[in-house]
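Engineer: attaching a predicted model along with its sequence, questions to come.
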Number of protein chains: 2
Amino acid sequence: MLILLPAYLSSETPLSHFAPVISEYIMRIDCYFVENEKTARRLIKFYCPEKKQSELKLILLNKSTQTKDLGEGLEWLKEGTTCGLLSEAGLPCLADPGNILVSWCHENKIQVVPINGPSSIILALISSGFNGQQFTFNGYLPIDKSERKQRMNQLEQAVQRTGASQIFMETPYRNNGLFEDLCKTLSGQQKLCVASNIGHPTEEFIKTLRVSEWKKEKIDLHKIPTVFIIGR
Amino acid sequence: MLILLPAYLSSETPLSHFAPVISEYIMRIDCYFVENEKTARRLIKFYCPEKKQSELKLILLNKSTQTKDLGEGLEWLKEGTTCGLLSEAGLPCLADPGNILVSWCHENKIQVVPINGPSSIILALISSGFNGQQFTFNGYLPIDKSERKQRMNQLEQAVQRTGASQIFMETPYRNNGLFEDLCKTLSGQQKLCVASNIGHPTEEFIKTLRVSEWKKEKIDLHKIPTVFIIGR
């Protein structure tokens, strides 16, 4: 059985009511697929300080990992061991690695059990005021300036044509650049939602304005986890 | 301030660890926007039995409601009263009404605060094994047979062209019909994930197979909340 475990290091956020549920699973599970061994050990220690680190079996699963690299981990699952797929932040497999393992589980008739956790992408969407009946998560936009501009225009056209909300992200240290490009590229009438620090009680920032209004605002999104949405 | 409140009646599911958080908000809030008055009163009673039902102020907000119908509720928000937008199941505004109110809040500079809750759509996606870097939620497919068939073909083409996962739903009493139509319409090689009763520990069913394999399976999805996903 593969348990999909969301994970959060902060104990100060409203998300901390998840901790007891996650701790219970971590107590029971010794074998994990993780994006980064060091962070994973820290997370496991946070949720379950009494767990012996020396007894943990960790298999690396990041965005470059292929199924064949998961070797021993696949054996554990086949033998019936309950394993965890541990996210670094948010939910595993959502804008995060992991789906190659889940796909392998389906092919090998191994049960997959998702444990709920907060998704900043979805919380941003429901707080944007935009269409939540049809939406697309587009992941990261291209880095190349002209490709990125073209993609922004395509997304705006998709909003106008279908009404579906268009969600996207950027590596946090490039957020200000993305925001500037959005203001330059989208039409003034287009509504844009900027949702930062979702789940942080004091620092959460969620605002939907037209691009013409955003141009008059001063915001600094540098290194702040942010979800961007355009919609109507 | 508008608080977006997820809601679940069952106390037997793993989702019940949300109850204390939701109860705390419901204790503090008297004014709610609700999809159905009777269900909302039952939910509020479930989370907060000591709360006086006679003191509740409820404003109807369903899929046919327009902003102008929200009259008094908008006044409360403008005066600074903390109001709740209460979902019947899952998250408000996600395949559910509410976004017209959230949109109005942004236009009127009223803070919107999302409270996390489980979303069966997202839990289904991360458990499907499909692409979680790009995906589209398409809501409900058309009821008309030929339009529906055409839409299914479009979604399959979108998967093949872009690799983005395509999520959709049906009114639960029509699930078996949708499943049959998918098996008839999609190509045998296309992978389909059927995710039912997400969050119910004993009844959860999540399975990804190729359509040619699904044709050999017997499943009954009648009246069972189900999320369908095609992807690769």
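Structural biologist: In hand now; what should we look at? Since we're looking at a predicted model, the values are computed, not measured.
Engineer: how far away is residue A:156 from residue A:177?
Structural biologist: Using Cβ to Cβ, to the nearest Å, residue A:156 is found at 18 Å from residue A:177. C-beta: built from backbone N, CA, C; applies to glycine.
Engineer: those two: which is more packed in?
Structural biologist: Neighbours per residue (other Cβ atoms under 10 Å in any protein chain shown) separate residue A:156 from residue A:177, with residue A:156 holding more: 20 against 16.
Engineer: who's in contact with that one?
Structural biologist: Shown in contact with residue A:156 (Cβ atoms under 8 Å, 6 or more residues apart in numbering or on different chains): A:166, A:186-187, A:190, A:230.
Engineer: out of those, who's nearest chain B?
Structural biologist: residue A:166 (9.8 Å; Cβ to the nearest Cβ).
Engineer: what strand or helix carries that closest one?
Structural biologist: Using DSSP states H and E, residue A:166 sits in strand A:165-169.
Engineer: repeat for residue A:58
Structural biologist: For residue A:58, the enclosing helix or strand under DSSP H and E is strand A:57-60.
Engineer: so what secondary structure elements neighbour whichever helix or strand comes after that strand?
Structural biologist: Next helix or strand after strand A:57-60 toward the C-terminus (DSSP H and E): helix A:71-78. Judged by 3 or more Cβ pairs under 8 Å, 6 or more residues apart in numbering or on different chains; DSSP states H and E, the packing partners of helix A:71-78 are strand A:31-34, strand A:57-60, strand A:83-86, helix A:99-107.
Engineer: so for chain B, which of those sits nearest?
Structural biologist: Nearest to chain B, of those and by Cβ to the nearest Cβ, is helix A:99-107 at 3.2 Å.
Engineer: strand partners of the following helix or strand past that closest one, parallel vs antiparallel please.
Structural biologist: For helix A:99-107, the following helix or strand on the C-terminal side (DSSP H and E) is strand A:112-114. In the sheet, strand A:112-114 lines up against strand A:2-5 (parallel) (DSSP bridges).
Engineer: still on that earlier bit, could you dump the helices and strands packed on helix A:71-78 to a markdown table with mean pLDDT and mean neighbour count?
Structural biologist: Formatted as a markdown table, those follow (pLDDT from 0 to 100; neighbours: other Cβ atoms under 10 Å in any protein chain shown):
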| stretch | mean pLDDT | mean neighbour count |
| --- | --- | --- |
| strand A:31-34 | 96 | 23 |
| strand A:57-60 | 96 | 17 |
| strand A:83-86 | 96 | 26 |
| helix A:99-107 | 97 | 21 |
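Engineer: care to break chain A down by domain?
Structural biologist: A:2-114, A:120-231 (automatic domain parsing).
Engineer: centre of the chain to the strand holding residue A:58, how far?
Structural biologist: Centroid separation for strand A:57-60 versus its chain: 21 Å, with Cα atoms, centre = their mean, to the nearest Å.
Engineer: packing partners of it?
Structural biologist: Using 3+ Cβ pairs under 8 Å, 6+ apart: strand A:57-60 touches strand A:31-34, helix A:37-47, helix A:71-78.
Engineer: paired strands for the first one, with orientation please.
Structural biologist: Sheet partners assigned to strand A:31-34 using DSSP bridges are listed as strand A:57-60 (parallel), strand A:83-86 (parallel).
Engineer: in the lengthiest helix in chain A, which residues are buried?
Structural biologist: Counting by DSSP state H, the longest helix found in chain A is helix A:145-162. Of the residues in helix A:145-162, A:148-149, A:151-152, A:155-156, A:158-159 count as buried by neighbour count, 16 or more other Cβ atoms under 10 Å in any protein chain shown.
Engineer: redo those as TSV? Include distance to residue B:138 and pLDDT.
Structural biologist: Listed next are those as TSV, based on distance: Cβ to Cβ, whole Å; pLDDT from 0 to 100:
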residue	distance to residue B:138	pLDDT
A:148	26	96
A:149	27	96
A:151	21	97
A:152	23	98
A:155	17	98
A:156	20	98
A:158	13	97
A:159	15	98
